[in-house]
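Visitor: Fold the following and give me the result.
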Amino acid sequence: MSGERRTEREEVVFPTGDAVYFDTNAWNRLLDHPRSAQIRVHLQRTNVAVLASIFSAVEVANTRDLERRRALCGLIRAVNGGFPLLGHPMEVAVPIGRAILDDKDDYLFKETFSAALLLRFLDDSGDEVMRLECLEWRRREEEKFEALFEQLKPQEPNSSVSFITREVIESDSFLETLLLFEPARDAGLTLDEMRRICNAPHDSIWTAVRGMLAYWIQDALRHAGRKRPNAFDLWQAVYLGLPVHAFVTDDGPLLEAARNINRFLKVQRLILTFDEFLSRLA
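Guide: Numbering: from 1, shown residues only. Purely as a prediction, here's the structure:
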């Protein structure tokens, strides 16, 4: 993919080998590291695919300092290579679910509208109109998330109830909750189809979506009546359900969410801080 603006969505095969997800904290740490250039060369030589997402891109868009914004955008595009940004997990999950229902082994990663918009921003980070468009997209998504979560979260705290269990996330009532998410609703997925998707013999993003929802509800039980700042960003932990080797972040709440999701996966991923990731590169 070049730096040209594009209007068509693209499909590429998910990278094979060691795919690693970096959140915004990890990208900032890489930019500021005194050995940043050597680390990037090492990643290329060892064929480690470092993935970025719409969440990282929109956080960069929220960076007011133009020089740093351009540096982060250039870094992500250089290291992320030709792979598109990972889109909103639910937008990624629905076509994966369809592939499971159709008994397809290979999945073509489809670039979503939001991912295409934010990728164009990375290629032209000085475009103020586009930057504001990206921030407006985030505002709308956060509002939709808050509206849905208000329907799901308990109103009274209760630390004795546990949602983060396999029994809960495999129940029909829990699967019906997944159908409330807009992409699943728009796709017309049924409860029977959701059962088939979630009963796939291998890990999929739907395993991580269920783990994430259980974590959100459990966290809301502890803090009922209060808003959790930056809860929308925790969506990133759902990327553990993709065929990634490691998930890298220094963000405490995101680390906690990722570790809770990881327990449900058949193949455990590495959940690493940036320094732990570097130590494994040596």
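Visitor: what ranges of the stretch 101-250 of the chain fall below the confidence cut-off?
Guide: 105-110, 152-161, 222-230 (pLDDT under 70).
Visitor: For it, just list every one of the helices.
Guide: 113-123, 128-152, 166-169, 172-178, 182-186, 191-198, 205-222 (DSSP state H, counting those that start in this stretch).
Visitor: Now do the first one against helix 128-152, angle only.
Guide: In this case it means helix 113-123. 140 degrees (axes from the mean of the first three to the mean of the last three Cα atoms, to 10 degrees).
Visitor: related to what we said a few turns ago, just send the helices of the stretch 101-250 of the chain back as TSV, with mean neighbour count and distance to residue 90 too.
Guide: From N, CA and C alone the C-beta is placed, and that goes for glycine too. Listed next are the helices of the stretch 101-250 of the chain as TSV, based on neighbours: other Cβ atoms under 10 Å; distance: least, Cβ to Cβ, whole Å:
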stretch	mean neighbour count	distance to residue 90
helix 113-123	21	11
helix 128-152	14	10
helix 166-169	15	16
helix 172-178	15	9
helix 182-186	15	4
helix 191-198	16	13
helix 205-222	22	7
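Visitor: between those helices, which one is nearest to residue 64?
Guide: Closest approach to residue 64 among the helices of the stretch 101-250 of the chain is made by helix 128-152 (9.7 Å; Cβ to Cβ).
Visitor: Residues touching that closest one, excluding its own?
Guide: Outside helix 128-152, the residues within contact range by Cβ atoms under 8 Å, 6 or more residues apart in numbering are 57-58, 61-62, 88, 114, 117-118, 120-121, 124-125, 177, 180-182, 213, 216-217, 220, 227, 231-232.
Visitor: what does stretch 20-31 give?
Guide: Contacts to stretch 20-31, defined as Cβ under 8 Å, 6+ apart, come from residues 36, 39-40, 48-53, 55-56, 59-60, 71-72, 75-76, 79, 86, 236, 239-240, 242, 244-251, 254, 274, 277.
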